[in-house]
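Chemist: just a sequence and a predicted model for now, questions to come.
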Amino acid sequence: MEKLSLKEKIGYALGDGAANIAWRGVATFLFIFYTDVFGLNPAVVGVLFLIARFGDGIIDILMGVVCDRTNSKYGKFRPWILWTAIPLGITLSMLFTTPNLSPTAKVVYAYSTYLLFFLIYTANNIPYGALMAVMSPDDKERTSLGSYRMVGAFTGGMVVQGALLFLVAHFGNINPTINVEKLDAKKYEVTVSTHEDIKNVNIKTKDGIALFTWADTTVNAAANVATVGKSFSMEADKPYSFIVTGEENLESKNISIIDQKRGYSSAIYIMSVFLSLFLMVTFATTKERVQPPKDQETNLLKDIKDLIKNRPWLVLLFIGILFNVYNSIKQGIVVIYFSHYLHNQFLAASYMIGLMLASIAGAMITSPLGKKYGKRNLFIGALIFSGFVNALLVLCGPGDTIGIFTIGIISEFGAAVFPTLFFAMLGDAADYSEFKNGRRATGLVYSAGSFATKFGGGIAGAIIGWVLAVYGYNGQNEVSIQGAVPGIIMLMSWIPTIVAVITAGVMTLYPLNQTKMDEITHELNARRANELA
């Protein structure tokens with residue numbers, strides 16, 4: 001069995017780095033972008049996520065069938081990575097573009113671009129995932145490749161989650177009129193205005209220390225708590241005044257006002273360029289080595305029947321949905337949690353970088369731990385560990401920054417094991433089907449991975465939207481935001497934990513231990529050697 005080179009493993013990993021620029025960009029920022037910048041109702045966004053991702057998950061299965069029947073000089077799966085590289089970058093950019101539309105037209109635009117994005121994402125990600133199973137026939141080599149893949153995925157996620165908010169601040173910087181009147185040593189009245197209407201801006205000091213309250217004493221007290229910054233809409237040539245405390249020697253140059261609409265769009269456009277380039281590198285550096293049995297006939301009905309009888313695959317399908325609900329709730333609420341509970345949106349970037357570093361470390365130790373304890377046992381242990389640690393966030397107040405970071409990072413270290421093992425185990429399920437039935441439908445088997453990721457993310461988005469809607473959340477209204485804080489805390493802490501415990505219970509049904517996989521790998525290699533003889 002040919003060992004994969006370091007160059008090929010890194011090249012393959014860049015593909016998931018690209019995918020996670022798209023996936024984590026959408027999972028982490030699109031919800032708050034839709035509600036706080038585009039002005040959509042959170043319940044509407046939640047339903048959009050659920051419907052669109054479920055429908056797209058069905059398309060995943062069809063894409064798996066198409067991949068298995070693709071024949072080109074580049075193989076079955078690699079050409080799709082090339083063909084979709086540029087379209088995926090374009091559609092990601094469209095998601096974060098906000099034309100001036102009526103409320104109904106905004107919903108139509110959101111549905112249209114969201115569905116188009118996930119259609120292209122499917123055409124890219126199903127072949128990418130399946131490629132892993134045909135790069136090597138060795139299940140242990142695939143586990144190693146899976147670790148590289150997850151390092152790439154988490155690095156891509158770290159880039160978008162760590163850099164995006166700072167890019168938003170850079171590109172969204174406007175040129176307002178700012179007047180600062182000193183009231184005492186650490187107290188100022190700051191008045192700002194602009195010559196254009198801006199739907200959603202964020203004001204804070206560049207050092208991020210000072211606290212803002214509205215100078216207007218008629219503002220509802222619940223909406224006028226002292227926070228590190230304020231988000232609001234500006235009308236042209238209308239003054240907005242704040243009482244700012246906590247910093248000395250405050251001048252107009254120390255005040256930052258960000259147009260989030262323009263900032264998000266410009267930042268995502270840059271990310272999309274890198275996404276497309278990384279996918280092209282993946283295509284150029286990888287190779288397909290495992291082929292279906294030579295005497296296998298194309299028969300969709302048999303492929304589907306084999307899939308339905310494939311118990312490891314069925315268990316993994318449910319596992320994939322559930323752990324993606326867990327991860328997607330945690331990712332999807334972070335920016336809202338830091339913006340409206342800790343009142344420090346930029347701190348979310350540091351938090352997410354910390355999570356990504358923990359994820360990289362978790363992915364790197366998954367392969368040796370998987371060999372020692374077995375994939376199933378490691379998966380169950382990681383679920384229980386990550387879930388119960390995450391629940392401790394319910395004990396943290398807005399000022400417990402160190403505790404929030406510590407709990408989040410430790411929990412994410414365990415959560416990194418899930419996707420690393422999951423995609424390696426899908427390759428095992430493909431081997432199991434070939435071992436048992438003498439047929440191989442790698443693309444169809446790997447469609448479960450994309451389906452689970454999307455549908456799980458859709459369920460998570462719906463849960464976030466519904467919980468926030470129950471608490472009356474409106475991202476453009478300070479009073480409703482403060483009223484929804486209990487729901488935000490629940491979504492950040494114990495709601496994901498419940499999902500993790502359920503997932504661990506389902507994982508006990510997975511039938512392939514390491515002894516069985518060694519038997520399968522040995523038998524399939526013997527069969528392939530006979531075919532070549």
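Modeler: Thanks, I have the structure now. This structure is a prediction, so every number in the text was calculated from the model and none was measured.
Chemist: now Gly354, nearest residue through space, not along the chain?
Modeler: Spatial nearest neighbour of Gly354, excluding adjacent residues (Cβ to Cβ, 6 or more residues apart in numbering): Ile409 at 5.0 Å. For glycine as for every other residue, the C-beta is placed from the backbone atoms N, C-alpha and C.
Chemist: what do you get for Ala430?
Modeler: In space, and not counting its chain neighbours, Ala430 is closest to Val445: 4.4 Å by Cβ to Cβ, 6+ apart.
Chemist: test my guess that the one you found contacts Asp428.
Modeler: No - between Val445 and Asp428 there is no contact under Cβ atoms under 8 Å: 9.7 Å.
Chemist: which of the two has more residues huddled nearby?
Modeler: Remark: of Val445 and Asp428, Val445 carries more neighbours, 31 against 27, as counted by other Cβ atoms under 10 Å.
Chemist: quick check: buried residues in the host helix or strand of the more buried one?
Modeler: Secondary structure from DSSP states H and E places Val445 in helix 442-470. By 16 or more other Cβ atoms under 10 Å, the buried positions in helix 442-470 come out as 442-469.
Chemist: Three-state assignment for Val180, please.
Modeler: Taking DSSP: H, G, I helix; E, B strand; the rest coil as the rule, one finds Val180 in the strand state.
Chemist: for Ser231, same thing?
Modeler: strand.
Chemist: now do the contacts for the closest residue to it other than its chain neighbours.
Modeler: Nearest residue to Ser231, sequence neighbours excluded (Cβ to Cβ, 6+ apart): Asn202, at 5.0 Å. Applying Cβ atoms under 8 Å, 6 or more residues apart in numbering, we find Asn202 in contact with 229-231, 257-258, 260, 345.
Chemist: ok, now how distant is Asn202 from Leu279?
Modeler: As defined by Cβ to Cβ, to the nearest Å, Asn202 lies at a distance of 33 Å from Leu279.
Chemist: that older thread, now the buried members of the contacts of Asn202.
Modeler: With neighbours counted by 16+ other Cβ under 10 Å, the contacts of Asn202 contain buried members at 229-231, 257-258, 260, 345.
Chemist: circling back: backbone dihedrals for the residue nearest to Gly354, please?
Modeler: Main-chain torsions, Ile409, degrees, to the nearest 10: phi -70, psi -40.
Chemist: thought it was touching Leu355?
Modeler: Yes - with contact defined as Cβ under 8 Å, Ile409 counts as touching Leu355 (6.3 Å).
Chemist: please say which of those two ends up with more neighbours.
Modeler: Under the criterion of other Cβ under 10 Å, the comparison of Ile409 against Leu355 puts Leu355 first, with 26 against 18.
Chemist: and the helix holding Val445, what other elements does it pack with?
Modeler: Where contact means 3 or more Cβ pairs under 8 Å, 6 or more residues apart in numbering; DSSP states H and E, helix 442-470 is packed against helix 31-32, helix 42-68, helix 103-135, helix 300-308, helix 311-340, helix 417-437, helix 485-492.
Chemist: make TSV out of these and add distance to Thr194 and mean pLDDT.
Modeler: Output for the helices and strands packed on helix 442-470, formatted as TSV (distance: least, Cβ to Cβ, whole Å; pLDDT from 0 to 100):
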stretch	distance to Thr194	mean pLDDT
helix 31-32	22	84
helix 42-68	27	80
helix 103-135	23	90
helix 300-308	58	78
helix 311-340	22	89
helix 417-437	44	84
helix 485-492	29	94
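Chemist: buried sites along the strand or helix carrying Tyr264?
Modeler: Of the helices and strands defined by DSSP H and E, Tyr264 is found in helix 260-285. For helix 260-285, burial by neighbour count (16+ other Cβ under 10 Å) applies to 260-269, 271-272, 274-276, 278-283, 285.
Chemist: average pLDDT across that helix?
Modeler: Mean pLDDT, helix 260-285: 94.
Chemist: so what's Ala43 up against?
Modeler: Residues near Ala43 by Cβ under 8 Å, 6+ apart: 465-466, 468-469.
Chemist: quick one: these as TSV, columns for pLDDT and distance to Tyr240 too.
Modeler: What follows is the contacts of Ala43, written out as TSV (pLDDT from 0 to 100; distance: Cβ to Cβ, whole Å):
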residue	pLDDT	distance to Tyr240
Gly465	88	30
Trp466	89	33
Leu468	91	26
Ala469	89	28
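Chemist: farthest-separated two in these?
Modeler: Pairwise distances among these were taken by Cβ to Cβ; the largest, 7.4 Å, belongs to Trp466 and Leu468.
Chemist: anything in contact with each of the two?
Modeler: Common neighbours of Trp466 and Leu468, using Cβ under 8 Å, 6+ apart, are 43, 46.
Chemist: which residues does the nearest residue to Trp83 once chain neighbours are set aside contact?
Modeler: Closest residue to Trp83 apart from its sequence neighbours, by Cβ to Cβ, 6+ apart: Ala123 at 7.5 Å. Going by Cβ under 8 Å, 6+ apart, Ala123 touches 63, 80, 83-84.
Chemist: what pLDDT, on average, does stretch 177-186 get?
Modeler: Per-residue pLDDT over stretch 177-186 has a mean of 89.
Chemist: what does that stretch contact?
Modeler: Under Cβ under 8 Å, 6+ apart, the answer for stretch 177-186 is 188-194, 243, 245-248, 250-252, 255, 257.
Chemist: swap the cut-off to 7 Å and go again
Modeler: The contact list for stretch 177-186 (Cβ atoms under 7 Å, 6 or more residues apart in numbering) reads 188-193, 245-248, 250-252, 255.
Chemist: would you list the helices and strands packed on helix 442-470 in CSV and tack on distance to Glu8?
Modeler: Shown next, in CSV, are the helices and strands packed on helix 442-470 (distance: least, Cβ to Cβ, whole Å):
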stretch, distance to Glu8
helix 31-32, 36
helix 42-68, 20
helix 103-135, 7
helix 300-308, 28
helix 311-340, 25
helix 417-437, 16
helix 485-492, 39
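Chemist: need the contact list for the nearest residue to Ser241 once chain neighbours are set aside.
Modeler: Nearest residue to Ser241, sequence neighbours excluded (Cβ to Cβ, 6+ apart): Ala215, at 3.7 Å. Ala215 makes contact with 189, 241-243 under the criterion Cβ under 7 Å, 6+ apart.
Chemist: mind listing which of these are in strands?
Modeler: When DSSP state E defines the strands, the subset of these inside them is 189, 241-243.
Chemist: can you add neighbour count and give the residues you listed back as CSV?
Modeler: Shown next, in CSV, are those (neighbours: other Cβ atoms under 10 Å):
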residue, neighbour count
Glu189, 14
Ser241, 15
Phe242, 23
Ile243, 17
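Chemist: of those, closest to Asp16?
Modeler: Distances from Asp16 to the ones in strands among the contacts of Ala215, taken by Cβ to Cβ, are shortest for Phe242, at 43.5 Å.
Chemist: isn't that closest one up against Val190?
Modeler: Yes - with contacts counted by Cβ atoms under 7 Å, Phe242 reaches Val190, the gap being 4.9 Å.
Chemist: excluding sequence neighbours, find me the nearest residue to Leu116.
Modeler: Closest to Leu116 by Cβ to Cβ, 6+ apart is Thr91, at 5.4 Å.
Chemist: so what's the residue nearest to Val66 when sequence neighbours are not counted up against?
Modeler: Leaving aside its sequence neighbours, Val66 sits nearest to Gly443 (Cβ to Cβ, 6+ apart; 7.4 Å). Shown in contact with Gly443 (Cβ under 7 Å, 6+ apart): 64-65, 67-68, 76-77, 126-127, 130.
Chemist: what's the answer for Ile321, then?
Modeler: 452, 455-456.
Chemist: cool, and Phe379?
Modeler: Contacts of Phe379 by Cβ under 7 Å, 6+ apart are 417-418, 421, 507.
Chemist: and it, what's its pLDDT?
Modeler: 92.
Chemist: do Val479 as well
Modeler: As summarised for this prediction, Val479 has a pLDDT of 68.
Chemist: likewise Asp295?
Modeler: On pLDDT, Asp295 comes in at 63.
Chemist: check whether Thr218 sits in a helix, strand or coil.
Modeler: Assignment for Thr218 (three-state DSSP): coil.
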